[in-house]
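Q: Provide a 3D model corresponding to the input given below.
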Amino acid sequence: LKDPAFVPGQSGRPTPAKSSRDFFDLDYLATIFRYRALIAAVDAAGRLQERQKTMSSAEAWNKSALCLFATAKSHSYYFMLTKFMEIIAGIVDPAVRSVMSKLAALFALTNVLEGQQWAGVLDGGQFALVETAVEDLLALLRPDVVSLVDAFDFPDRALQSAIGRFDGNVYEALYESASK
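A: Now for the predicted structure:
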């Protein structure tokens, strides 16, 4: 953070995606998540240091709490994505690795759409590409959704759901549930 050559918002800025497919690349996603976390940390540190010039350290920390919390979340999402990627790298079965890679990309892109501190990292055109990438990933993951949910191995009685039953008696269970 003390590197005089580092200029927040300019140094190390990821290359903008050219297509929605670029957002399927987990390495690219890790790059933009890392950049967001770095920019957030630099910004939070700068705000805190400026406030400490005019108020007590405790007051400065309290006033900076919202920014620091958002920065911690940005770093946490970067950490989770990189750990997800490490696990995926160890998956031997190529079909499972492919599905899990798509799921990891969906996890990351959901945070881009719903998360904080993306202003300045991605522009409006990039957000449109992210939305398209999410739509495409959902379509690609659709054939695997039942298997992904079944992988959690929740028993029907724990879910207390009339649909998605292991025994296949969806309509009977739905009718019975509605009759109660």
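Q: give me the distance from the helix or strand bottoming out on mean pLDDT in the chain to the chain's centre.
A: Using mean pLDDT, DSSP states H and E, the weakest-scoring helix or strand in the chain turns out to be helix 156-159, at a mean of 72. For helix 156-159, the separation from the chain centroid amounts to 28 Å (computed by Cα atoms, centre = their mean, to the nearest Å).
Q: scan this structure for its longest helix.
A: Across the chain, the longest stretch assigned as helix under DSSP state H is helix 26-54.
Q: other SSEs contacting the helix or strand that that helix is followed by?
A: Moving toward the C-terminus from helix 26-54, the next helix or strand (DSSP states H and E) is helix 57-63. For helix 57-63, the packing partners by 3 or more Cβ pairs under 8 Å, 6 or more residues apart in numbering; DSSP states H and E come out as helix 26-54. C-beta: built from backbone N, CA, C; applies to glycine.
Q: report the rounded mean pLDDT for the helix it packs on.
A: Averaging pLDDT along helix 26-54 yields 94.
Q: so residue 41 sits against residue 75, correct?
A: Yes: with contact defined as Cβ atoms under 8 Å, residue 41 counts as touching residue 75 (7.1 Å).
Q: next one: the residue nearest the centre of the chain from residue 132, what distance?
A: Residue closest to the mean C-alpha point of the chain, counted by Cα atoms, centre = their mean, is residue 108 at 2.8 Å. According to Cβ to Cβ, to the nearest Å, residue 108 and residue 132 sit 15 Å apart.
Q: ok, residue 32 next?
A: Distance of residue 32 to residue 132, given as Cβ to Cβ: 16 Å.
Q: more neighbours, these two?
A: residue 32 (24 against 14; other Cβ atoms under 10 Å).
Q: would you check how far apart the more buried one and residue 49 are?
A: Separation of residue 32 from residue 49 (Cβ to Cβ): 26 Å.
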